[in-house]
Structure formats: C-alpha cells, structure tokens
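Chemist: fold the following for me, if possible:
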Amino acid sequence: MYSNLEELTSHEVFYYFAEISKIPRGSGNEKAISDYLVRFAEERNLEVVQDSALNVIIKKDATTGYENVPTVIIQGHMDMVCEKNQDTIHDFEKDPLQLRIEGDMLYATDTTLGADNGIAVAYALALLDAEDIPHPTLEVVITTEEETTMNGALAVDAAHFKGEILINIDSEEDGKLLVSSAGGVHVTQVLPIKWENTTEHEVAHSIRIKGLKGGHSGISINKERGNSNKILGRVLHELSTEFQYSIQQINGGLKPNAIPREAEATVFIQQEDVEQIKKKIDKYNDILKNELQFSDPKVSIVFEKTDISSSNVFAKETKHKAITSLLLIPHGVQGMSMAIEGLVESSTNLGVVTTTDTSITFESEIRSSVKSVKSYMVTQVRTIAEMLECEVLIDSDYPEWPYNPDSKAKKLFEETYKEKYGKEMEVIAVHAGIECGVFIEKIPGLDAISIGPDIFLVHTPDEHISIPSTINNWEYFIYTLKRMKDLL
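Modeler: Predicted structure coming up:
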C-alpha cells in the first residue's frame, strides 16, 4: 500500500489530512484551523462564511448536469480531542501532530490522531479542490467545539443553507450507514473546599491509577472498561475504613466525553501506617486485575512518596463529600435499547475530576436516545449534588437524532453500496453525540445520514485510522455524489 508519509500524502485526502495535522485544533483552540479553511476557500474563489463561533461554511456550485439536483450539505467538525499520557511531551496548543504509518494504519506518535473528525475536513477539502468529481451544489459546513459542547453546531445560522440532504462524515465504521444517534448533556458538580492544616507527623504520598484503556464515552461505554476516577474513589474509601489520612487534591481524566484512563490523589498519612497502606494497595491491585482482566489487563495502582510544600488538606467534611461523590456519581451503561439490539440507550461518564484552590469539580457526560431518560439522569446527578450541598452546572445540551425510516438519502446510499460492493450495507444507530440532530432541529425536513472510514481507539493516544478503509470510503462517497441525479 503506502510505505511512507510522502507516498501516502500523494493521495488527495491524506494530503489534506497531513496539512491540518500541522495545525493545533483542540476544542476551544480552533481559530488557526478555522482561518486556514477560510484561506483555502478564498484561494479557490469559493463563497465562504466564518461566523462568530468560528464555524466555516464553504459553498461550491453544481457541476454540469447537476444544477437541478437537490443541494447537499457536507458536514464535519474541525476540533479534536487532545489526549496523551502524562509522561508524553507534547503541547497541543502549538505542536503539530507527528504522523506515522504502521502496516496499513495511520497513527500520531503518543497522542490522539484527530481522525475524529479531521477525516471529514480532509474529505471536504479534497472534494472542494477537485475539478473532476461530478456533484450537486455543495454547502460544506465545518463546526467547532463538537467534542466538548457542540456549541459550534448550536450556533450555526440555518439561514445560510438551502440543502435538503445532509451527509455527515463523523462515523467511524466503514461499510456501515449511521442513521440515528443519542442526545447528550454536560453536567458539572462543584464541591466547595474547606481547608485545614495537616499535622507534622503526616507524610505526603500519591495514589495514582494508570494503565486503563479509556476510550470514547459513547462508543466504548459498553466495553466495561475501568474508569480511573471511580476506581480512585473506591481505593480512597477502602483506606478510610482502616486508616486516618488527609487528602490534598484529587485529579483525574482530561475530557468529559473520554472514559478517564488516569487519576491521582495526593494524601498525607501517618509514617507508621505507610507499610500497611502499601500492603492494602497491593491487595487492591490484585482485586482490580481480577475484575478488569479482560477489559483493562494493564490496570495498576502506584503508591509512592511525593514532595509537597503546602500543608493544606481537605477538612474532614470535604474529604467525606469528595469520596462520597466519587462513589455515588453514576458511571457506565444505564439502559439498553429495546428497539435496536445491542444499542446502548442511555449512559453516563464521570470523565473529569479537578481540584482548584476553592473547589473540586466532577464533570459527567450524560447520553440518551430518549429525551425524557436523559432528563431523569440529570435529575439523579442533581439530587446527589444537593444531598452533598454542591452546586450543579448544566450546559451543552444537544438533541438526539431520531431514526427516519423514509429517508431517501438512506435508500440511495444503501443502493450505491450494493452496486459498488455487491453486498448489503449495514444500517446502524450509535450511542454518541452526532451533530445531525442539531441540524435536523434547525432545518425542518432535512434528510441526514452519516458515513466514515474505520477509526480505532478514538479519544486515546492509540487512536489510528485504516488507510485502505479511508480510501475505500472516499471512493464510495464520491460515487454516491455522482448518483445524486437519481433523487430527481
């Protein structure tokens, strides 16, 4: 296939993927990539709009013979999840991704790859740049902050669009046609900290959870992978039943929509308890390796002395509420769909725990394909917070994408797949937030589907994309655009 990056980037899609991989584009840091997209359009004399949320809309006229075909909206998002291991040196604010090929897969070195959703941007740019691909009038919209709040899509002005069909390129399984997704909401519990001073006989140690696989909190939530924040809560609770100790800080996870892989607490313990606590943690290591032997066989708890200059620790009341929060805030699958076999209907992910000078925050991503169930799960978290006298913040509430059995786009994509490959395409729904739901709510009657190549271990430093699948999916995509005449 391709033995090096120079050969790979001779393909139009991977050329643009490599170009955008040079531009830092974590959620909330999209100005540079947004400006790049605007320059791209202006250099090709294409109509372009950059709105206040930094979303970019690029329009291209239909090719000859396609002037009367319904306008098509091509959609993806420009931001990526920025994940790395703690010992990896990489500044996501300024450093380019370091791409590498292993076999027929493309990786970034020790960081997330950003194929979610850089591949949509690459497809769109390759299509807009091409002069030999037949297509209807195109309205390409690349949004911001999809991975955190969906505020980009929520801010889009529907008046910019005349499109009747939406092709979202944010799916992650080649040969599968995505036709429905879950809605979601970001919920943050804020626990005020009361501080006190530790005693001079207590020694600072760190308790660190590591070695977990993590993953996308929607796609991977049914894989029963360990959550480092929840595990840390269990460990801290177990220690509190036998030992007197203090906590100075608890931190875990990086993104609400990524299952947390690492978490750490700084604790102060009596010197005479150190060996007994070490033995207790060794036993708990064995417990976790047994519980997670199939999902996270490399899980470990690291207990070691650490140098801390501050003697401030949580007051006993704060310590109790922090541990209780870690234990009680829900995580994992909350319900399975009775309509689609194997589909998670509802879930929640305790993704991020952060200690500041004034508070401990617990961030959860709640998802459901049923609006009323999503609301009920928010009520559960709110009730736990109220019981512990915590504040609750709710944002980034985005709608579900309901299944449309009468979709003409669905029918066309199924037909072209069978023509091209001689087999039926699998139609699926996904337990993740897809922007289709937002656009359908904004543009009544919009007919939407989602496609994409095979992407693996998204939202983790091991994220990678199949090179053959990317090319195959691209060819299927442009073949179906050519067949859009059939919708007349």
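
Chemist: pLDDT weak spots in the chain?
Modeler: 488 (pLDDT under 70).

Chemist: domain ranges for it, per the record?
Modeler: In terms of domains, the chain is parsed into 5-171+434-487, 186-398 (source: automatic domain parsing).

Chemist: in JSON lines: these, plus mean neighbour count.
Modeler: For the C-beta atoms, the positions are set from N, CA and C on the backbone; glycine is no exception. Formatted as JSON lines, the domains of the chain follow (neighbours: other C-beta atoms under 10 Å):
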{"stretch": "domain 5-171+434-487", "mean neighbour count": "20"}
{"stretch": "domain 186-398", "mean neighbour count": "18"}
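
Chemist: out of the ones you listed, flag the one nearest D406.
Modeler: Closest to D406 of the domains of the chain is domain 5-171+434-487 (C-beta to C-beta; 8.9 Å).

Chemist: out of the domains of the chain, nearest to L178?
Modeler: Nearest of the domains of the chain to L178, taken as C-beta to C-beta: domain 5-171+434-487 at 3.8 Å.

Chemist: ok now that closest one, how far from the chain's centre?
Modeler: The chain centre lies 15 Å from the centre of domain 5-171+434-487; the measure is C-alpha atoms, centre = their mean, to the nearest Å.

Chemist: how about E30, what does it touch?
Modeler: Shown in contact with E30 (C-beta atoms under 8 Å, 6 or more residues apart in numbering): 54, 78-79, 144-145.

Chemist: would you mind measuring from it to T460?
Modeler: According to C-beta to C-beta, to the nearest Å, E30 stands 21 Å off from T460.

Chemist: cool, I20 as well?
Modeler: Distance, I20 to T460, by C-beta to C-beta: 20 Å.

Chemist: now swap in I340 and tell me
Modeler: Remark: distance between I340 and T460 (C-beta to C-beta) = 26 Å.

Chemist: then E7?
Modeler: In terms of C-beta to C-beta, E7 sits 27 Å off from T460.

Chemist: repeat for H431
Modeler: Here the distance between H431 and T460 works out to 18 Å (C-beta to C-beta).

Chemist: helix/strand/coil for E6?
Modeler: helix (DSSP: H, G, I helix; E, B strand; the rest coil).

Chemist: K278 against F303, yeah?
Modeler: Yes - applying C-beta atoms under 8 Å, one finds K278 in contact with F303, separated by 5.7 Å.

Chemist: the strands in the stretch 101-250 of the chain, which residues?
Modeler: Using DSSP state E, counting those that start in this stretch, the strands of the stretch 101-250 of the chain run over 105-108, 138-143, 165-168, 176-192, 195-197, 202-210, 215-216, 245-252.

Chemist: right, and those - which one's nearest Y284?
Modeler: Taking C-beta to C-beta, strand 202-210 is the member of the strands of the stretch 101-250 of the chain nearest to Y284, at 9.9 Å.

Chemist: which residues does T318 contact?
Modeler: Contacts of T318 (C-beta under 8 Å, 6+ apart): 191-195, 360.

Chemist: no, scratch that, I was asking about K59
Modeler: 46-48, 137-140.

Chemist: of all the residues you listed, which two lie farthest apart?
Modeler: The widest separation within the contacts of K59 (C-beta to C-beta) is 14.8 Å, between V48 and T137.

Chemist: on that earlier part again, determine which two of the contacts of T318 are furthest apart.
Modeler: L191 and W195 (12.8 Å).

Chemist: quick check: the nearest residue to F161 once chain neighbours are set aside vs L236, distance?
Modeler: Distances taken as C-beta to C-beta, 6 or more residues apart in numbering put E139 closest to F161, at 5.5 Å, once the chain neighbours are dropped. Using C-beta to C-beta, E139 is found at 51 Å from L236.

Chemist: mind checking which of the strands of the stretch 101-250 of the chain is nearest I58?
Modeler: Checking the strands of the stretch 101-250 of the chain against I58 by C-beta to C-beta gives strand 138-143 as the closest, at 4.5 Å.

Chemist: keeping just the C-alphas, turn the closest one into PDB.
Modeler: Only the C-alpha atoms of strand 138-143 are listed here, as PDB (Å, rounded to 0.1, in the frame of the first residue of the first chain):
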ATOM      1  CA  LEU A 138     -22.400  21.800  -2.100                       C
ATOM      2  CA  GLU A 139     -22.700  23.500   1.200                       C
ATOM      3  CA  VAL A 140     -19.800  22.400   3.300                       C
ATOM      4  CA  VAL A 141     -20.000  23.300   7.000                       C
ATOM      5  CA  ILE A 142     -17.200  22.500   9.400                       C
ATOM      6  CA  THR A 143     -18.100  23.200  13.000                       C
END
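
Chemist: which residues touch that strand?
Modeler: Outside strand 138-143, the residues within contact range by C-beta under 8 Å, 6+ apart are 37, 53, 55-60, 62, 71-78, 120-121, 124, 127-128, 150, 152-153, 156, 160-163, 435.

Chemist: tell me which of those fall in helices.
Modeler: Judged by DSSP state H, those include 37, 120-121, 124, 127-128, 152-153 as members of helices.

Chemist: what's the closest of these to V373?
Modeler: Of those, the one sitting nearest to V373 (C-beta to C-beta) turns out to be A153, at 22.1 Å.

Chemist: which SSE is immediately downstream of the helix or strand harbouring K420?
Modeler: Per DSSP states H and E: K420 is located in helix 408-421. Using DSSP H and E, the helix or strand that follows helix 408-421 in sequence is strand 426-433.

Chemist: pairing partners for that following strand, with directions?
Modeler: Note on strand 426-433: by DSSP bridges, its sheet partners are strand 176-192 (parallel).

Chemist: just the CA trace of the partner strand, in PDB.
Modeler: In PDB, the C-alpha atoms belonging to strand 176-192 read as follows (Å, rounded to 0.1, in the frame of the first residue of the first chain):
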ATOM      1  CA  LYS A 176     -22.000   0.900   8.000                       C
ATOM      2  CA  LEU A 177     -24.600   3.600   7.400                       C
ATOM      3  CA  LEU A 178     -25.400   5.600  10.500                       C
ATOM      4  CA  VAL A 179     -29.000   6.800  10.700                       C
ATOM      5  CA  SER A 180     -29.600   7.800  14.400                       C
ATOM      6  CA  SER A 181     -27.700   9.000  17.400                       C
ATOM      7  CA  ALA A 182     -28.100   9.900  21.100                       C
ATOM      8  CA  GLY A 183     -28.500  13.300  22.600                       C
ATOM      9  CA  GLY A 184     -26.400  14.500  25.400                       C
ATOM     10  CA  VAL A 185     -25.700  17.000  28.200                       C
ATOM     11  CA  HIS A 186     -22.600  18.000  30.200                       C
ATOM     12  CA  VAL A 187     -23.200  18.100  34.000                       C
ATOM     13  CA  THR A 188     -20.700  19.500  36.500                       C
ATOM     14  CA  GLN A 189     -21.000  19.100  40.300                       C
ATOM     15  CA  VAL A 190     -19.000  21.700  42.200                       C
ATOM     16  CA  LEU A 191     -17.900  20.900  45.800                       C
ATOM     17  CA  PRO A 192     -16.600  23.900  47.800                       C
END
